[in-house]
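[1] Quick one: sequence plus predicted model below, questions after.
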Amino acid sequence: MKTAEIVSVGTELLLGQIIDTHAPVMAQILAECGIGCQRRSTIGDNFNRLTDALRESLSRADVLVTIGGLGPTMDDLTRDAIAAALGDSLVRDEAYEAELRAWFASRNYEFAESNAKQADRPESGVTIKNPFGTAPGLLCQKNGKVVIALPGPKGEFVPMAQGPVREFLETLGGGVIHSRVLRVIGIGESMVEQMLEELMDAENPTVAPYAHTGEVHLRVTARAKTKAEANVLIDPVEAQIRSILGDHLYGTDDTTLEESLLRVLESKGQTVAVAESMTGGQLAGRLTAVPGASKVFIGGWVTYTVSMKENALGIPGDLISEHGPVSAAVAEQMAIAARIRSGATFGIAITGNAGPTADVDGKPVGLVFISTSTQTGTKVEELKLRGTREDIQRRATQTALSLLLDVAKVL
């Protein structure tokens with residue numbers, strides 16, 4: 001199997017001013033073309049360091065993909081560094097320079113001479129057309145190595161990577177590396193690993209867990225000649241995992257927990273309303289982000305203060321005074337009120353303290369109460385969560401969705 005490395009170029013990446021979202025996309029394309037990405041690195045706008053990094057990658061990998069640094073400015077050094085790493089000279093593509101000048105003239109833009117450098121390419125390379133920008137990509141082949149250079153702007157990178165670059169890579173790979181992601185809730189990464197220990201020793205497909213906020217993802221990856229053949233290898237492994245994890249496995253690939261919940265509710269003709277305090281509408285936001293949520297989600301209340309809990313939901317003030325706004329009693333009444341006032345099948349409520357300091361009534365950071373209410377009864381779950389304010393809020397909504405999914409399945 002051919003190997004690849006990805007080098008992202010730009011000091012702005014090292015400074016954290018922008019997030020590199022392109023390298024993961026490129027790594028996935030390589031895998032789908034049967035080429036194993038073994039290393040990713042980020043190098044700033046420095047010619048010597050970039051050249052050294054490219055030479056090092058070429059000493060290990062069959063395919064090198066660079067992202068960024070193809071523009072017209074002084075800090076756009078990728079084409080120069082590629083030429084140096086390959087031992088090439090840069091040559092000017094006069095036909096493309098003419099295209100560039102015509103492009104600027106047709107828009108009445110002044111042509112700065114620095115733009116002409118975008119028509120330069122290493123001797124062993126050809127340009128890859130860029131229909132959405134002025135900097136073409138590059139494809140170089142020399143001494144059994146392949147170097148592909150892609151532009152940094154998303155609107156230029158994605159069409160080029162998914163189009164002509166993918167088509168070229170498919171001719172190299174001789175197979176595919178295909179993954180399926182299984183999404184798990186209710187148990188931690190270490191427990192998942194323990195339960196699936198035997199499956200994780202396999203080589204094709206491989207099974208690997210990785211933690212996300214409030215859930216665990218299992219990546220099942222197979223190597224085969226085609227995607228269809230890879231799926232044939234993955235299917236029985238998924239079946240084994242489902243038999244072991246049961247209802248802890250709620251979805252595959254991009255299916256979110258809220259999508260899974262709404263599908264179950266819709267299939268049963270059930271509806272839900274929410275009452276939120278600490279999460280400030282995030283639970284409702286996750287539900288309404290799913291297309292078609294209106295078939296299931298009726299609405300909700302964000303009752304962030306005591307007065308709103310009393311006035312909007314009708315929760316008795318003496319109950320709040322006795323137990324505090326962050327309490328099982330208040331969560332229970334919030335869920336009941338959401339269900340009854342909306343007419344929904346389910347009411348679900350969240351109240352808690354997300355921090356960063358202790359609540360007014362001394363309730364500690366991370367203390368959360370989640371309640372689910374149906375006509376047959378109301379349940380309350382107490383959580384003690386850790387992390388940043390955002391982590392606690394996210395984990396609270398994740399747990400709320402999980403609890404409601406469990407209730408909905410049996411109602």
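    The structure has been received and is ready for your questions.

[2] And the pLDDT for the residue nearest to residue 89 when sequence neighbours are not counted?
    Nearest residue to residue 89 in three dimensions, chain neighbours excluded: residue 123, at 5.5 Å (C-beta to C-beta, 6 or more residues apart in numbering). Using the backbone N, CA and C atoms, a C-beta is placed for each residue, glycine as well. On pLDDT, residue 123 comes in at 96.

[3] Check which helices and strands the top helix by length along the chain sits against.
    Longest helix in the chain by number of residues (criterion: DSSP state H): helix 389-410. Here helix 389-410 touches helix 257-267, helix 282-288, strand 346-352, strand 367-374, strand 377-384, going by 3 or more C-beta pairs under 8 Å, 6 or more residues apart in numbering; DSSP states H and E.

[4] Export those to JSON lines and append columns for mean pLDDT, mean neighbour count and distance to residue 139.
    Putting those into JSON lines (pLDDT from 0 to 100; neighbours: other C-beta atoms under 10 Å; distance: least, C-beta to C-beta, whole Å) gives the following:
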{"stretch": "helix 257-267", "mean pLDDT": "96", "mean neighbour count": "20", "distance to residue 139": "39"}
{"stretch": "helix 282-288", "mean pLDDT": "97", "mean neighbour count": "20", "distance to residue 139": "42"}
{"stretch": "strand 346-352", "mean pLDDT": "97", "mean neighbour count": "28", "distance to residue 139": "53"}
{"stretch": "strand 367-374", "mean pLDDT": "97", "mean neighbour count": "25", "distance to residue 139": "53"}
{"stretch": "strand 377-384", "mean pLDDT": "96", "mean neighbour count": "14", "distance to residue 139": "53"}
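
[5] Looking at these, which is nearest to residue 308?
    Residue 308 lies closest to strand 346-352 among these, at 11.6 Å (C-beta to C-beta).

[6] Quick one: end-to-end distance for stretch 250-262.
    For stretch 250-262, the first-to-last residue distance is 12 Å (C-alpha to C-alpha, to the nearest Å).

[7] next one: stretch 16-24
    End to end - C-alpha to C-alpha - stretch 16-24 spans 17 Å.

[8] go on, stretch 267-282?
    First-to-last residue span, stretch 267-282, C-alpha to C-alpha: 24 Å.

[9] If we go by neighbour counts, what in that stretch is buried?
    270-279, 282 (16 or more other C-beta atoms under 10 Å).

[10] so who does the residue nearest to residue 89 touch?
    Neighbouring residues of residue 123 by C-beta atoms under 8 Å, 6 or more residues apart in numbering: 83, 88-91.

[11] that older thread, out of the buried residues of stretch 267-282, which sit inside helices?
    Reading helices off those with DSSP H, I get residue 282.

[12] Let me know the closest of the buried residues of stretch 267-282 to residue 304.
    Nearest member of the buried residues of stretch 267-282 to residue 304, counting by C-beta to C-beta, is residue 277, at 5.8 Å.

[13] quick one: the spatially closest residue to the closest one that is not a sequence neighbour from residue 119, how far?
    What sits nearest to residue 277 in space, not counting adjacent residues and going by C-beta to C-beta, 6+ apart, is residue 351, at 4.2 Å. The gap separating residue 351 from residue 119 is 63 Å, by C-beta to C-beta, to the nearest Å.

[14] same thing with residue 185?
    In terms of C-beta to C-beta, residue 185 sits 53 Å off from residue 119.

[15] Next: residue 207.
    Distance, residue 207 to residue 119, using C-beta to C-beta: 48 Å.

[16] buried stuff in the longest helix of the chain?
    Quick answer for helix 389-410 (16+ other C-beta under 10 Å): 391-408.

[17] Next, the angle from that helix to helix 257-267.
    20 degrees (axes from the mean of the first three to the mean of the last three C-alpha atoms, to 10 degrees).

[18] so how far is helix 389-410 off the chain centroid?
    19 Å (C-alpha atoms, centre = their mean, to the nearest Å).

[19] Flag the shaky bits of this structure, pLDDT-wise.
    For the chain, the stretches with pLDDT under 70 are 359-360.

[20] farthest residue from the center of it?
    For the chain, the residue at maximal distance from the C-alpha centroid (C-alpha atoms, centre = their mean) is residue 318, at 44.9 Å.

[21] Give me the buried positions along stretch 221-236.
    Applying 16+ other C-beta under 10 Å to stretch 221-236 flags 221-224, 230, 233-234 as buried.

[22] got those residues as CSV, with secondary structure and distance to residue 13 columns?
    Compiled in CSV, the buried residues of stretch 221-236 are given as follows (DSSP: H, G, I helix; E, B strand; the rest coil; distance: C-beta to C-beta, whole Å):
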residue, secondary structure, distance to residue 13
221, strand, 27
222, strand, 32
223, strand, 31
224, strand, 34
230, helix, 32
233, helix, 36
234, helix, 34
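
[23] re earlier: so can I have JSON lines of the helices and strands packed on helix 389-410 showing distance to residue 128?
    Formatted as JSON lines, these follow (distance: least, C-beta to C-beta, whole Å):
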{"stretch": "helix 257-267", "distance to residue 128": "37"}
{"stretch": "helix 282-288", "distance to residue 128": "40"}
{"stretch": "strand 346-352", "distance to residue 128": "50"}
{"stretch": "strand 367-374", "distance to residue 128": "51"}
{"stretch": "strand 377-384", "distance to residue 128": "52"}
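
[24] The ones you listed: which one's closest to residue 327?
    Nearest of those (C-beta to C-beta): strand 367-374, 6.4 Å.

[25] what lines up beside that closest one in the sheet?
    The strands beside strand 367-374 in its sheet (DSSP bridges) come out as strand 346-352 (antiparallel), strand 377-384 (antiparallel).

[26] Indicate which one of these is closest to residue 2.
    Nearest to residue 2, of the strands paired with strand 367-374 and by C-beta to C-beta, is strand 377-384 at 47.7 Å.

[27] List the contacts of that closest one.
    For strand 377-384, contacts defined as C-beta under 8 Å, 6+ apart pick out 328, 331-332, 335-336, 352, 364, 366-373, 395-396, 399, 403, 407.
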